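> Sequence and predicted structure are below.
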Amino acid sequence: MRPPFYLRQLKRDLDTWIAKGLVDEDNKEAILASVGAGSQARTLDVILAVFGVILIGAGAMSFVAANWAAMAKLERLIVLFGSLWAAYGIAGWFMANNRGAIGQAFVLLGVILFGVNIHFVAQTYNIQAHYPDGLLLWGVGAILAAALVPSRAALALALGLGGWWTWQETQHFGAVLHLPFLAYWAVCTAIAWYMNWRPGIHLSSLTLLGWFVISFEAIQRLLGWGDAEVLTIFIFLPLAIWSLMQLLERNDANGLALSTGHYAFFVFLIAYGVLQLPDNDSQSPSTTWLGFAALMTVVSVGAVTAGFNRKTFSVLDVFGTLFACVTTMAYIFLVQRYDDVLDIPYLIFALIVILWSVQRGVRLQDTFVINWSTVAFGLWFLYCYFKLFEDLALVHQSLFFTIGGVLLILLSLTLEFLRRRLIAGVQPTAKEATP
Amino acid sequence: MIWARILLLAAAQTIALGYMIVDRQAMLNASRVVTLKVVPVDPMDPLRGEFVILNYAISRLKPAELDGEDKFNNADTIYVTLQNKGEDWAAVAIGHRPVAVQGGVVIKGTVNYANEFTVDAKTTTELNITYGIESFFVPQGMGRDIEDTRQKGDLTADIAIDPKGRAAIKAMRRKGEVFYVEGIL
């Protein structure tokens, strides 16, 4: 499961080495295969086949839906079970005849039909149980397909269904912290890991992130914290994960630590930027929050300091991490008393963190960090502009929009110029990784 | 090898679907049956494509008028004890656990929301409850007829309730006459 940027670089290097006579051309495919680089044509095969079965599935479902009411129950069951077995039968035939890509597409069709069948069986027999259970059952069926065949497409579908399931449980049923999702997610992630499938790991990371976001209210209820306090979880926790991942990255051959670190830093940057947006609660910070914040600060600063000793982090990283932790804690303590005067200092704090992020991206030659830091700066600038005009309520609307439009155009040109300059400076060995 | 895996997958998913059907049939066959009056929907809910909305007298309950517990939150599981009151059944007790009443049958539901309102300085709580029997998939050509019957107040439903309190629509009646019976085929 090598990162894509590594595979691209290796292909370029192999061509150079072959030209120089360092590597035998006959060994090129074997070398690429050994690090999991497949051919482009094969990927296209799979994509086309998947599109094909989705169209077939849509056509079959439309036909069934159009004639559903006229069918007797027995006819319905024959159609439902027959289509499921037909899809898997065709999948098995293609796979047994070395047409794995098309076989995979029919496995996906089988999993989609399984979900459709759950719906139609429930409809036929007037089953209206706790409806997210239907999604869970579908998701488990997809996991089974992912593990047994094995099927990457089924795993991707399983992760999507898992996200939908936990969203329904959380949003429709009393905003409870939906812990069973974590078990479901862990199984999916373990399969992605076992398959050595990098996009699957990304997808599972995004799904987990989504779970944290939709669990915001539930976490708040569980901990009894205010909005801003809960939001600091999305600052402290990712910062701790990022700093720990940077320590691991040195020994990480497959880029997992790099990707996890990227995700964590991205979440930290967003959460730090929006900390001043939620309504501020009148209560004082709770003791549990204080304990959490202190613990996370110790972990983050400790990891960064250890990394500094091992030359993984610079002195600016140590100060940047400490600055982010201390200003977050200070904001929570001060916001109840000095809400009105904290806006400007906090905007300056956010700018400092963004600049630290840009500096880190440039120093590490990491285009992902540079790109997202540039976006963060743009958003920060626009927020400042809106904030300014919110305070100057007398300024005419037409002036607001005119100046806003001009600034937006100038900002986009400036940021793109800045981004290209920064990336141009690091291009020769840039980490082109996306998280 | 791949055939064995595919067969296992198809069989497992077929068993899961089959279980849904068998479990529902087991409920319908082995459970106690109560007849509930379907009340008109206000405002009238038009036929939603393939199913009609069914509201029951036990869909809205006031804890103050019943035995058992008074305090419920949104999304709470609720057990409603029903007793035969002549032609149909009515709620007599509620609780977070089944409340035993002589000759009673307990149905399990979920509190959608607890609505508090004040009339003449007296605060009353009304619970909106669902039991999983609130929509009925319409046999072909019967939708409009069922809608009209429901709005006139002539519709009743025979509800099968298993020992755990789970409910399923076993039959539909118009003015007491059965016009639809749920079956496996």
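That came through fine.

> For chain A, identify the residue most remote from the centre.
Distance from the centre of chain A peaks at residue A:72, with 45.1 Å (CA atoms, centre = their mean).

> same check, this time on chain B
Largest separation from the mean C-alpha position in chain B: residue B:1, at 46.3 Å (CA atoms, centre = their mean).

> List the residues that contact that residue.
If you count contacts by CB atoms under 8 Å, 6 or more residues apart in numbering or on different chains, residue B:1 has none. Bear in mind the C-beta positions are built from the backbone N, C-alpha and C, glycine included.

> that older thread, was I right about the residue farthest from the centre of chain A contacting residue B:183?
No: shown here, residue A:72 and residue B:183 do not form a contact pair, counting by CB atoms under 8 Å, at 10.8 Å.

> Sheet partners, orientation included, of the one helix or strand residue B:156 maps to?
Following DSSP states H and E, one finds residue B:156 within strand B:155-161. Strands that pair with strand B:155-161, judged by DSSP bridges, come out as strand B:32-39 (antiparallel), strand B:167-174 (antiparallel).

> Can you name the next helix or strand after the first one?
So the one you mean is strand B:32-39. Per DSSP H and E, the first helix or strand lying C-terminal to strand B:32-39 is strand B:51-53.

> For the stretch 51-200 of chain A, which residues score under the pLDDT cut-off?
A:64-69, A:174-175 (pLDDT under 70).

> At which residues are the helices of it located?
A:73-96, A:100-124, A:132-148, A:152-172, A:180-195, A:198-214 (DSSP state H, counting those that start in this stretch).

> Would you mark the buried spots in the longest one?
Meaning helix A:100-124. A:100-118, A:120-124 (16 or more other CB atoms under 10 Å in any protein chain shown).

> ok but residue A:307 is inside a helix, no?
Yes: under DSSP: H, G, I helix; E, B strand; the rest coil, residue A:307 sits within a helix.

> could you list every residue that touches it?
Going by CB under 8 Å, 6+ apart, residue A:307 touches A:243, A:246-247, A:313, A:317.

> swap in residue A:350?
A:272-273, A:380.

> Could you dump the residues you listed into JSON lines with pLDDT and neighbour count added?
Below are the contacts of residue A:350 laid out as JSON lines (pLDDT from 0 to 100; neighbours: other CB atoms under 10 Å in any protein chain shown):
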{"residue": "A:272", "pLDDT": "91", "neighbour count": "26"}
{"residue": "A:273", "pLDDT": "88", "neighbour count": "21"}
{"residue": "A:380", "pLDDT": "85", "neighbour count": "16"}
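
> now, which of these lie within helices?
Members of the contacts of residue A:350 lying in helices (criterion: DSSP state H): A:272-273, A:380.

> that older thread, and the helices of the stretch 51-200 of chain A as TSV, adding distance to residue A:346?
Converted to TSV, the helices of the stretch 51-200 of chain A look like this (distance: least, CB to CB, whole Å):
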stretch	distance to residue A:346
helix A:73-96	55
helix A:100-124	46
helix A:132-148	39
helix A:152-172	30
helix A:180-195	33
helix A:198-214	22
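
> So which of the ones you listed is nearest residue A:8?
Nearest of the helices of the stretch 51-200 of chain A to residue A:8, taken as CB to CB: helix A:198-214 at 13.4 Å.

> Check whether the closest one comes near chain B.
No: Helix A:198-214 is not in contact with chain B by CB under 8 Å from any CB of the partner chain; minimum separation 15.8 Å.

> contacts for the following helix or strand past that helix?
Using DSSP H and E, the helix or strand that follows helix A:198-214 towards the C-terminus is helix A:216-223. With CB under 8 Å, 6+ apart as the contact definition, helix A:216-223 has outside contacts at A:170, A:175-178, A:225-227, A:229-230, A:233, A:286, A:288-289.

> pLDDT (mean, whole number) over helix A:216-223?
For helix A:216-223, the mean per-residue pLDDT is 85.

> Quick one: mean pLDDT for the helix or strand following that helix?
Note on helix A:216-223: by DSSP H and E, the next helix or strand toward the C-terminus is helix A:227-249. Taken as a whole, helix A:227-249 has a mean pLDDT of 88.

> can you count the residues close to residue 170?
Reading this off chain A. Residues near residue A:170, counting by other CB atoms under 10 Å in any protein chain shown, number 21.

> hm, I was asking about chain B
If you count neighbours by other CB under 10 Å, residue B:170 ends up with 24.

> which stretches of chain B aren't confidently modelled?
B:42-50, B:139-140.

> residue contacts, residue 61?
Let's take chain A. residue A:116.

> let's do chain B instead
Applying CB under 8 Å, 6+ apart, we find residue B:61 in contact with B:80, B:91, B:94, B:126-127, B:129.

> Enumerate the positions of stretch A:363-377 that are buried.
By neighbour count with 16+ other CB under 10 Å, stretch A:363-377 contains the buried residues A:364-370, A:372-377.

> Show the average pLDDT along that stretch.
82.

> what's the helix or strand for residue 15?
Answering for chain A, as no chain was given. Using DSSP H and E, residue A:15 maps to helix A:4-19.

> wrong chain, I was asking about chain B
Assigned by DSSP H and E, residue B:15 falls within helix B:2-30.

> by how many degrees do the host helix or strand of residue A:348 and helix A:227-249 diverge?
Assessed by DSSP H and E, residue A:348 sits inside helix A:343-364. With axes from the mean of the first three to the mean of the last three CA atoms, to 10 degrees defining the directions, helix A:343-364 sits at 10 degrees from helix A:227-249.

> Using CSV, list the CA coordinates for helix A:343-364.
Presented in CSV, the C-alpha positions along helix A:343-364 are these (Å, rounded to 0.1, in the frame of the first residue of the first chain):
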residue,chain,number,x,y,z
ASP,A,343,-12.5,38.7,18.3
ILE,A,344,-9.5,40.6,17.1
PRO,A,345,-6.9,38.9,19.2
TYR,A,346,-8.3,35.5,18.2
LEU,A,347,-8.1,36.5,14.5
ILE,A,348,-4.5,37.3,15.0
PHE,A,349,-3.9,34.0,16.8
ALA,A,350,-5.6,32.2,13.8
LEU,A,351,-3.3,34.1,11.4
ILE,A,352,-0.2,33.0,13.4
VAL,A,353,-1.3,29.4,13.3
ILE,A,354,-1.9,29.6,9.5
LEU,A,355,1.5,31.2,8.9
TRP,A,356,3.1,28.5,11.1
SER,A,357,1.3,25.9,8.9
VAL,A,358,2.6,27.5,5.7
GLN,A,359,6.1,27.6,7.1
ARG,A,360,5.9,24.0,8.0
GLY,A,361,4.6,23.0,4.6
VAL,A,362,7.5,24.8,2.9
ARG,A,363,10.1,23.4,5.2
LEU,A,364,8.9,19.8,4.7
